[in-house]
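Visitor: Pasting the sequence and the predicted coordinates here, then a few questions.
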Amino acid sequence: HEWAIGAGDSVLQWLLIPALGRSGLSPRWSLQNLRTAETVSRVADERLDFGLVRSDAVRESVGAAEIGVIKYAIVVPRRLLRRNLSTKTALAELPHATIGADGQLTERLRKIASDLGGVFQARLKCDSLGLCLAAVRTGKYAAVLPTYIIYDATAASVEIVEADLDELNRPMALIWNPRTLEMLGRNAVETRDALLAALRAEDEERRLEG
């Protein structure tokens with residue numbers, strides 16, 4: 001059996017693939033870059049075996065287990081740093097690269113900046129967090145990135161601005177269809193359990209929860 005699993009690009013790249021590498025699992029995998037709603041839909045109608053999605057997107061028709069909470073931080077190239085850079089100035093006075101398709105994230109960033117008396121400066125809209133990271137590496141854009149990819153960002157001469165961004169926190173869950181596990185039997189349950197353990201171990205190592 002080739003196990004099919006769906007998630008967003010950054011979750012596949014920075015969380016799932018490392019977890020598979022440490023899991024000890026050796027079956028064939030098919031990784032599908034999908035938006036949250038499509039991942040949930042495909043798991044629900046058994047076109048996917050597993051999915052990695054925000055916990056608040058889980059339907060009652062699928063099984064789910066939480067793996068951790070993705071937190072965010074403001075990443076600023078050193079060439080853009082100013083004295084006494086605060087959350088307000090980092091969000092409202094620096095040019096940002098952001099995910100164009102993630103309306104929820106952008107809306108929350110606008111609200112945080114507005115509550116602080118500023119306006120979020122989104123200057124470059126990208127299709128992926130990888131592109132946002134590439135923009136940061138140019139030294140000309142800041143970005144609000146999940147903490148699990150900051151390991152890559154820190155190689156690009158950046159500073160992490162201490163900020164209270166709890167409004168952006170996203171609990172993540174591994175989802176599956178109980179009918180799929182029942183049909184595939186014990187091997188499916190063992191694969192689910194091993195994958196879940198590896199994801200949680202990767203979560204802990206990367207300090208997704210702080």
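Guide: Ah, there it is.
Visitor: what number of residues lie near Val43?
Guide: Per other C-beta atoms under 10 Å, the neighbour tally for Val43 reads 27. Where you see a C-beta, it was placed from the backbone N, CA and C, and this is true even at glycine.
Visitor: Surely it forms part of a strand?
Guide: No. Read with DSSP: H, G, I helix; E, B strand; the rest coil, Val43 is helix and lies in no strand.
Visitor: ok, it - contacts?
Guide: Gly6, Asp49, Phe50, Gly51, Val62, Ile175, Trp176, Asn177 (C-beta atoms under 8 Å, 6 or more residues apart in numbering).
Visitor: Tabulate the residues you listed (CSV), appending neighbour count, secondary structure and pLDDT.
Guide: Formatted as CSV, those follow (neighbours: other C-beta atoms under 10 Å; DSSP: H, G, I helix; E, B strand; the rest coil; pLDDT from 0 to 100):
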residue, neighbour count, secondary structure, pLDDT
Gly6, 28, strand, 97
Asp49, 24, coil, 96
Phe50, 26, strand, 97
Gly51, 29, strand, 97
Val62, 20, coil, 95
Ile175, 25, strand, 97
Trp176, 24, strand, 97
Asn177, 21, coil, 96
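Visitor: So for the nearest residue to Arg78 once chain neighbours are set aside, what pLDDT did the model give?
Guide: Nearest residue to Arg78, sequence neighbours excluded (C-beta to C-beta, 6 or more residues apart in numbering): Ser157, at 5.0 Å. Among the per-residue scores, Ser157 holds a pLDDT of 79.
Visitor: Tyr151 now?
Guide: On pLDDT, Tyr151 comes in at 63.
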